[in-house]
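Undergrad: 3D model of this:
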Amino acid sequence: MTSVELLRALLFLCLLHRCVQADVNTAVLSKMITYFDNNVKPDTTMDVDPQYAMAINVPKEQCTVETSNIETVFSREEAATVKSIIINKTLCELCTNSQNVIATRPLSRHAHAEHILLYPTNNSSMDKLLRNANANSCVVFYSCYSPCVNRCINGENNILEGLSNWKNKHGGMNVFVFTHIWTRGQGEKNLAVEFQKIDEIVPLYRCYGVEHNCIKCGDNNNMIQPACLN
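TA: Here you go, the predicted model:
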């Protein structure tokens, strides 16, 4: 066997055994997002806008094994710390003992939580989170609301470059999740086309309803599932 043939064989084995990324377990993801909303989401009694965004770096098993427990890597005390910081619309940047979480709320009417965490590229909160991530990590980026079309996908707060920067720097499991669909100022935008731009970079999921049932938005035909658009 020549060296070239040997290299090809090794790459093939890598694809079979090590390089194929397992799918996220939607039941596990559902429990995780429910935990975030119960323990991190700010009390919005006095604020009509509940939007917040966060990202967490956890062992891959936390995204694939149904018996996993998010509290073992992100305790209720740590969640309370994050909540106390972002409730005042400030930035949590590795602010817990585990240093595996970044989070924020919009700092102003024109700011966007997702953009704040992803920029500036190469020195963003996400970049700092990824310093402790590896091939056996799962990085979950959660936004309570879907990115707005006019600014977060196409406008001045475009997050696509930031998402590409994240994906390029982390070869492990990556997931972008939202719950509610942001409808203000969307006009007649084709959400299927816009959400596909995100899904082409990072797998897009929606966890919605009282129990945060999760679905993968993109299918094998590069189409966005209707449940991610309604």
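Undergrad: the bottom helix or strand of this structure by mean pLDDT?
TA: Lowest on mean pLDDT, DSSP states H and E among the helices and strands of the chain sits helix 3-17, with a mean of 42.
Undergrad: how far does stretch 144-159 stretch from start to finish?
TA: 16 Å (C-alpha to C-alpha, to the nearest Å).
Undergrad: check which element follows the least confident helix or strand of the chain along the chain.
TA: helix 26-39 (DSSP states H and E).
Undergrad: in its sheet, what does the following helix or strand past that next one sit against?
TA: With elements assigned by DSSP H and E, the helix or strand that comes after helix 26-39 is strand 53-59. Take DSSP bridges as the rule and strand 53-59 pairs in its sheet with strand 101-104 (antiparallel), strand 137-145 (antiparallel).
Undergrad: could you identify which of the ones you listed is most buried?
TA: Highest mean neighbour count among the strands paired with strand 53-59 (mean count of other C-beta atoms under 10 Å): strand 101-104, with a mean of 26. From N, CA and C alone the C-beta is placed, and that goes for glycine too.
Undergrad: next SSE downstream of that strand?
TA: Once strand 101-104 ends, the next helix or strand along the chain (criterion: DSSP H and E) is helix 113-118.
Undergrad: spatially central residue for the chain, please.
TA: For the chain, the residue nearest the mean C-alpha position is Phe141 (1.7 Å; C-alpha atoms, centre = their mean).
Undergrad: for Met223, see how far away it is.
TA: Distance of Phe141 to Met223, given as C-beta to C-beta, to the nearest Å: 22 Å.
Undergrad: mind checking the SS state of Gln99?
TA: Put simply, Gln99 is coil when judged by DSSP: H, G, I helix; E, B strand; the rest coil.
Undergrad: in this structure it contacts Asn132, no?
TA: Yes - with contact defined as C-beta atoms under 8 Å, Gln99 counts as touching Asn132 (6.8 Å).
Undergrad: neighbour count winner among these two?
TA: Gln99 (15 against 12; other C-beta atoms under 10 Å).
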